[in-house]
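Asker: coords below, sequence missing:
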């Protein structure tokens, strides 16, 4: 039965994405909202699958994603994305031109980027646009 997977995604919809009832007057707005929900759920599922597959390939049993760097055997997209919640990038501008860039330094756990196919050393450069 696929019920546990359906229930997991429903939980993600309600608790992670914080979906709440909405009154939309037009069908096109309902379709647009449902499409965005579908894309969000798909991206979450793909992040989880990619990280777990790469962990398996590398022989890693867990990642220190929980508070106090406790180990997490089955990382969720929510936990993975929370790791990046405090990252900041600053640009120093003078007359509309970038004078200096202050790129974030990734912590050891933020190196999880490599598990989703993003080389950590390219993190700052790939997000400059």
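Answerer: Sure, I can see it. What you see is a predicted model, and the numbers here were worked out from it, not measured in a lab.
Asker: Distance of residue 41 relative to residue 69?
Answerer: 29 Å (Cβ to Cβ, to the nearest Å). (C-beta placed from N, C-alpha, C; glycine too.)
Asker: of these two, who's got more company?
Answerer: residue 41 (18 against 11; other Cβ atoms under 10 Å).
Asker: which residues sit in contact with the more buried one?
Answerer: Counting by Cβ atoms under 8 Å, 6 or more residues apart in numbering, residue 41 makes contact with 9, 12, 13, 17.
Asker: who wins for neighbours among the residues you listed?
Answerer: Neighbour-wise, those (other Cβ under 10 Å) top out at residue 12, 19 neighbours.
Asker: Of all residues in this protein, which one is nearest the centre?
Answerer: residue 81 (3.7 Å; Cα atoms, centre = their mean).
Asker: Where does the spatially closest residue to that one that is not a sequence neighbour sit: helix, strand or coil?
Answerer: Spatially, and ignoring its direct neighbours in sequence, residue 81 is nearest to residue 47 (7.7 Å; Cβ to Cβ, 6 or more residues apart in numbering). With DSSP: H, G, I helix; E, B strand; the rest coil as the basis, residue 47 sits in helix.
Asker: can you tell me how far residue 47 sits from residue 117?
Answerer: 10 Å.
Asker: And those two? Which one has more around it.
Answerer: residue 47 (18 against 9).
Asker: For that one, give me its contacts.
Answerer: 77, 80, 81, 116.
Asker: again, but for residue 52
Answerer: Here residue 52 is in contact with 74, 75 (Cβ under 8 Å, 6+ apart).
Asker: now it: how far from residue 20?
Answerer: 29 Å.
Asker: Could you list the low-pLDDT ranges of this protein?
Answerer: 1-6, 10, 120-129 (pLDDT under 70).
Asker: if you set the cut-off to 90 instead, what comes out?
Answerer: 1-27, 29-31, 33-34, 36-38, 40-42, 44-45, 58, 63-69, 76-91, 101-129 (pLDDT under 90).
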